[in-house]
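*Asks:* sequence? don't have it. structure:
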């Protein structure tokens, strides 16, 4: 087998997963040549593995010959606890929050050093923003991210602040001292606020969903036009939603 | 390798995919022994492949030692067109429909002989139902399913009606003649209705999302308490939402 000969250290499993890794939100459709190039696999190996993935419906072939992620991968992915447990539990509360605000409503978790978006509700009147379900944004630049970061352990926070932090706008707070003070305010107030720290023209308000031990399991937030809403006014309904979801998750984990 | 010796005809890729197939909505958490049994793979093979999947974060190990679907599979699955193209385009319209009705709002596609649910919005006041995102229900017993089935080709319909059809309730229409008449009514009226055909106590109204050639690409519908709502009253907003989504999808595919 060409793949095995050229890369003896890689297992077949890792090659299959490398093919899946070739796809991302900027490259959701790839030709076979692109898959080979992005995965670093020889064309013949890529071709064989892609065909097996297509047969399983993990990938699908478009009319123009390009490949995209197929129904089976989508189905299997939705069996995970982020969707089944967290999203399903939170949805009615997110829906109420959306109805009360008509703004973009987010549910996110921390994954590594990112805020990972698990749900996003938005309507025609919500301000257009870059977040998307399955997408990642920096913790320190987003409302949900700050709500999560503020409740992390001192060790985690120290490591997070020790590295150079991305600065999506000129308002993003990246100085360790200022960011620490901001996060302490989040804990004190019970909610996080960002003002044009991720995107110019929008601000956000978010509250953490804490477990029995006070660990942040997720955060819920809203993103609004800077000029349209006073962030503090959004804090009460968002905190209520976060607390209701936390209570429901605790009930679920006990049953 | 144990797996190869015992099952010489199966490729490593197919074995990895068999492990993923071991998980479903009734079995979202599996022990290694269960994975081995459900996939038909020897324990040693299953163990090795599961470890590779865990390293990639396609599976994750819980505190009790069981495995569940991990973040990477969820992330990759969301890159497919069902989510990125269809769900994202439809969401604002589904959201408006939810606000207008406060009922369970569904977006579904046909996959094989099933209605496959791509989105479900529901609030505290919506009637509890069995549908879920990524879930499947019979085409002929659901509103979205009938809306899709009614616009299928004569050949597809003939094959569909030729097999024995599941009957979730005593009201499910399974006789080919009656079902055909019902589907013709769907086309004539522009919307489908079910009355306790999937679940006792609920009925549904749905409309198809058609492409330029009149092919059904998806359907949008609502599920309500039988006693609370006259289905016909829901038809106008549902048809409007379906037509708006269809127009937006056509714009998207032209750009």
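*Replies:* Arrived safely. Just so it is clear, the structure is predicted and the values come from calculations on it, not from any experiment.

*Asks:* C-alpha from now on. contacts and neighbour counts both.
*Replies:* Noted.

*Asks:* which strand or helix spans the closest residue to residue A:102 other than its chain neighbours?
*Replies:* Distances taken as CA to CA, 6 or more residues apart in numbering or on different chains put residue A:126 closest to residue A:102, at 6.3 Å, once the chain neighbours are dropped. Under the criterion DSSP states H and E, no helix or strand holds residue A:126.

*Asks:* got a list of what residue A:126 touches?
*Replies:* Neighbouring residues of residue A:126 by CA atoms under 8 Å, 6 or more residues apart in numbering or on different chains: A:102, A:103, A:104, A:224.

*Asks:* bridging residues for the residue nearest the centre of chain A?
*Replies:* Of all residues in chain A, the one closest to the mean position by CA atoms, centre = their mean is residue A:116, 1.8 Å from it. For residue A:116, the beta-bridge partners are residue A:109, residue A:136 (DSSP bridges).

*Asks:* report pLDDT for it.
*Replies:* Model confidence at residue A:116, given as pLDDT, is 96.

*Asks:* what separates it from residue A:110, distance-wise?
*Replies:* Counting by CA to CA, to the nearest Å, the gap from residue A:116 to residue A:110 is 6 Å.

*Asks:* now do residue A:104
*Replies:* 19 Å.

*Asks:* contact residues of the stretch 151-255 of chain A facing chain B?
*Replies:* Residues of the stretch 151-255 of chain A lying close to chain B (CA under 8 Å from any CA of the partner chain): none.

*Asks:* any idea what residue A:192 is bridged to?
*Replies:* Counting by DSSP bridges, the residues bridging with residue A:192 are residue A:206.

*Asks:* which ones are touching the residue of the stretch 101-250 of chain A found nearest chain B?
*Replies:* Using CA to the nearest CA, the single residue of the stretch 101-250 of chain A nearest to chain B is residue A:123, 4.3 Å away. By CA under 8 Å, 6+ apart, the contact set of residue A:123 is A:102, A:103, A:104, B:91, B:92, B:93, B:95, B:96.

*Asks:* the same query, at a cut-off of 10 Å, please.
*Replies:* A:98, A:99, A:102, A:103, A:104, A:105, B:91, B:92, B:93, B:94, B:95, B:96 (CA atoms under 10 Å, 6 or more residues apart in numbering or on different chains).

*Asks:* try residue A:53
*Replies:* Residue A:53 is in contact with A:16, A:19-20, A:47, A:59-60, A:69-70, A:72-73, B:13-14, B:17, counting by CA under 10 Å, 6+ apart.

*Asks:* give me the element it is part of.
*Replies:* Applying DSSP H and E, one finds residue A:53 within helix A:43-56.

*Asks:* quick one: contacts of the very next helix or strand once past that helix?
*Replies:* Counting by DSSP H and E, the element after helix A:43-56 in chain order, helix or strand, is strand A:59-61. Taking contacts as CA under 10 Å, 6+ apart, the residues outside strand A:59-61 that touch it are A:20, A:29-31, A:50-54, A:66-74, B:77, B:80-81.

*Asks:* any of those buried? List them.
*Replies:* Among those, those scoring as buried are A:20, A:29-30, A:50-54, A:66-74, B:77, B:80-81 (criterion: 16 or more other CA atoms under 10 Å in any protein chain shown).

*Asks:* this completes my enquiry, with thanks.
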